[in-house]
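**Student:** Provided below for reference: sequence and predicted model.
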Amino acid sequence: MNFAKMHGLGNDFMVLDGVTHNVYINPEQIRGWADRHRGVGFDQMLVIEPPYDPDLDFHYRIFNADGSEVAQCGNGARCLAIFAKRKGLTNKNHIKVSTKAGKMTLHVERDGRVTVEMGVPQFAPDQIPFRANKEEQTYLLRENDQTLMFAAMSLGNPHCVLEVDSIASASVAETGALLATHERFPEGVNVGFVEYLDRSHIKLRVYERGVGETLACGSGACAAAVLGMRQGKLDEQVEVELPGGKLTIRWQPGQTVRMTGPVEYVFDGYLKHER
Ligand SMILES: N[C@H](CCC[C@H](N)C(=O)O)C(=O)O
């Protein structure tokens with residue numbers, strides 16, 4: 001089975017062509033291939049498939065390293081656009097795809113970066129989903145001997161974002177693991193830690209559901225920017241500095257979030273794969 005290894009700011013992917021071939025995978029295989037010592041090694045697996053809808057170009061499926069299937073991956077969407085063009089699956093520069101979350105458009109820019117229309121953010125607790133009595137700008141959660149304050153939303157996948165004075169000293173692993181599996185997030189959650197530099201620049205680290213901390217999280221960058229804008233702390237275009245590099249996020253209330261960033265195509269691989 002052929003695959004491509006790609007990344008967006010170090011958030012790395014094993015990409016499979018499910019358009020030209022039938023791809024048969026299961027969670028146990030995904031976990032094995034995700035292993036960075038015994039397998040290929042990746043944060044997520046992406047599978048591009050034929051569209052379900054005639055006015056779309058492709059459908060795409062996303063699997064975390066733990067084998068869980070999810071509905072949104074911003075860095076992955078950028079890589080998918082470049083993969084589809086490199087493999088000759090399309091010659092378009094504006095590619096319409098669907099995921100479990102809905103429809104997105106991928107715009108391949110002249111400089112090789114890709115802009116993704118990520119969809120309209122959802123803030124209602126039952127849309128995230130997050131167990132809360134009503135929608136708030138920020139929520140408080142008491143756990144052990146600490147009180148955590150965060151904002152929360154969905155972009156087809158759930159995000160909560162905590163403001164910290166310095167992301168360098170943020171307890172990403174501990175607090176990330178605690179929130180990512182907390183009962184008040186019945187489907188889990190991606191946990192962002194944001195440091196505000198000014199009204200158009202933030203620093204961000206993300207503990208991803210189903211993976212752990214990654215070098216970058218596209219939907220997490222969108223969530224941190226949108227939640228900051230919504231709290232009046234950020235302007236409508238924000239540069240998000242992640243450990244792996246920078247993304248540009250643009251949003252206005254009621255509109256789709258737009259994320260722009262780079263893509264790297266690292267290598268083509270082949271896996272001897274018995275079904
Ligand atoms: N871990 C995420 C999926 C991948 C998101 C991230 N890699 C991105 O670039 O958006 C989740 O379980 O919702």
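**Tutor:** Sure, I can see it. Residues are numbered from 1 along each chain as shown.
**Student:** Chain neighbours aside, what residue packs nearest to the residue sitting nearest the centre point of the chain?
**Tutor:** Most central residue of the chain, judged by C-alpha distance to the mean C-alpha position with C-alpha atoms, centre = their mean, is residue 73 at 3.3 Å. Distances taken as C-beta to C-beta, 6 or more residues apart in numbering place residue 62 nearest to residue 73, at 4.5 Å, with adjacent residues excluded. Just so you know, the C-beta spots here come from the backbone N, C-alpha and C atoms, and that holds for glycine as well.
**Student:** Give me the secondary structure label for that neighbour.
**Tutor:** Going by DSSP: H, G, I helix; E, B strand; the rest coil, the secondary structure assigned to residue 62 is strand.
**Student:** Just the pLDDT at it, thanks.
**Tutor:** According to the per-residue confidence, residue 62 scores 98 in pLDDT.
**Student:** what about residue 207, how many neighbours?
**Tutor:** Around residue 207 sit 26 other residues, with neighbours defined as other C-beta atoms under 10 Å.
**Student:** Okay, now the sheet partners of the helix or strand it falls within, with direction.
**Tutor:** Here residue 207 is covered by strand 201-208, with elements defined by DSSP states H and E. Sheet pairing here is set by DSSP bridges, and for strand 201-208 it gives strand 190-198 (antiparallel), strand 212-214 (antiparallel), strand 237-242 (parallel).
**Student:** Take these and lay them out in JSON lines including mean neighbour count.
**Tutor:** Listed next are the strands paired with strand 201-208 as JSON lines, based on neighbours: other C-beta atoms under 10 Å:
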{"stretch": "strand 190-198", "mean neighbour count": "22"}
{"stretch": "strand 212-214", "mean neighbour count": "20"}
{"stretch": "strand 237-242", "mean neighbour count": "22"}
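**Student:** and of those strands, who's closest to the ligand?
**Tutor:** When those are compared for distance to the ligand using C-beta to the nearest ligand atom, the nearest one is strand 190-198, at 5.2 Å.
**Student:** Is the ligand within reach of the closest one?
**Tutor:** Yes: using C-beta under 6 Å from any ligand atom, a contact is recorded between strand 190-198 and the ligand, made by residue 190.
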